[in-house]
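In: just coords:
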C-alpha cells in the first residue's frame, strides 16, 4: 500500500510540474511551433492531392494563441481556378474556398505527453531502463498523435465533399465513428498501454501483482 501511495504521489507531482512547464510561455510557444510544423509537413506528405496549410488562431484580443491553430484544407484545382479568375478580373481582394478545423495542442499533445512521462517517472524501475522506456514510448505516442491528425484531416476533407478523397456513405459513416473515438481519452489509454508494456512489466509492481494473484488462487 505504501508503494502505491508513493507511486500516486510522485505521479501527481510530476504531472502537475510538467503541465506547469508546458504552459510556461516560452516553452509553450516552442512546443506548439514544433508540433504545428511537424503536423503540417506530415499531413501534406500523407495527403498530396489536397491543399494543406496551418494558420494562427487569434483570441478575442486578436492575439495569437500558441495552444490552438487551424488546420486548413481545400481542393487545389478549385483554389487555382479562383486565383486565375481573380487575376483575370484584376481583383485585389478575393476569397478562396477552404475549410478548417481547430487543433488544440494542449489536448492533442501536452496532456498525453505529460501523462506518459509522469507515470514512468513514478514507476520503480532502474534509471537507465526508465529513460529508454520513456524514449521508446514517447516516440510511439507521437507517431500515433500525428497519425490521428492525418486521419482527422482526411475525414474532414471527405466529409466536406470538395472533390478529393471522396468516400462512400458507409465508409464516411464508419470514418466519422472512428474520428469520434480519437479523443484525448484515446491518447491517454494508448499511453497507459505503453506504460503497461514498457513500465509496469519491468517494475516491482509486476512481481507484487503476480504474487498477489498466486496467493489469491490458493
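Out: Thanks, I have the structure now. Since the structure is predicted, the reported quantities are computational estimates derived from the model, not experimental observations.

In: can you list the weak-confidence ranges in this protein?
Out: 1, 204-218 (pLDDT under 70).

In: for residue 122, give its distance to residue 184.
Out: 20 Å (CB to CB, to the nearest Å). (Glycine included, C-beta is placed from N, CA and C.)

In: residue 66 now?
Out: Computed as CB to CB, the residue 66 to residue 184 distance reads 18 Å.

In: next: residue 30.
Out: Going from residue 30 to residue 184 by CB to CB gives 22 Å.

In: for residue 117, same thing?
Out: Distance from residue 117 to residue 184, by CB to CB: 16 Å.

In: comparing these two, which shows the higher neighbour count?
Out: residue 117 (18 against 14; other CB atoms under 10 Å).

In: which helix in the protein has the most residues?
Out: Counting by DSSP state H, the longest helix found in the chain is helix 127-160.

In: and the lengthiest strand in the chain, what does it pack onto?
Out: Determined from DSSP state E, the single longest strand within the chain is strand 64-74. Judged by 3 or more CB pairs under 8 Å, 6 or more residues apart in numbering; DSSP states H and E, strand 64-74 is in contact with helix 25-46, strand 51-58, strand 98-104, helix 105, helix 127-160.

In: single out the most deeply packed of these.
Out: Among those, the stretch with the highest mean neighbour count (mean count of other CB atoms under 10 Å) is helix 105, at a mean of 22.

In: residues making contact with that one?
Out: Residues from elsewhere that reach helix 105 (CB atoms under 8 Å, 6 or more residues apart in numbering): 31-32, 35-36, 66-69.

In: what about that helix, distance to the chain center?
Out: 7 Å (CA atoms, centre = their mean, to the nearest Å).

In: what's the answer for stretch 77-92, then?
Out: Mean C-alpha position of stretch 77-92 versus that of the full chain (CA atoms, centre = their mean) differs by 35 Å.
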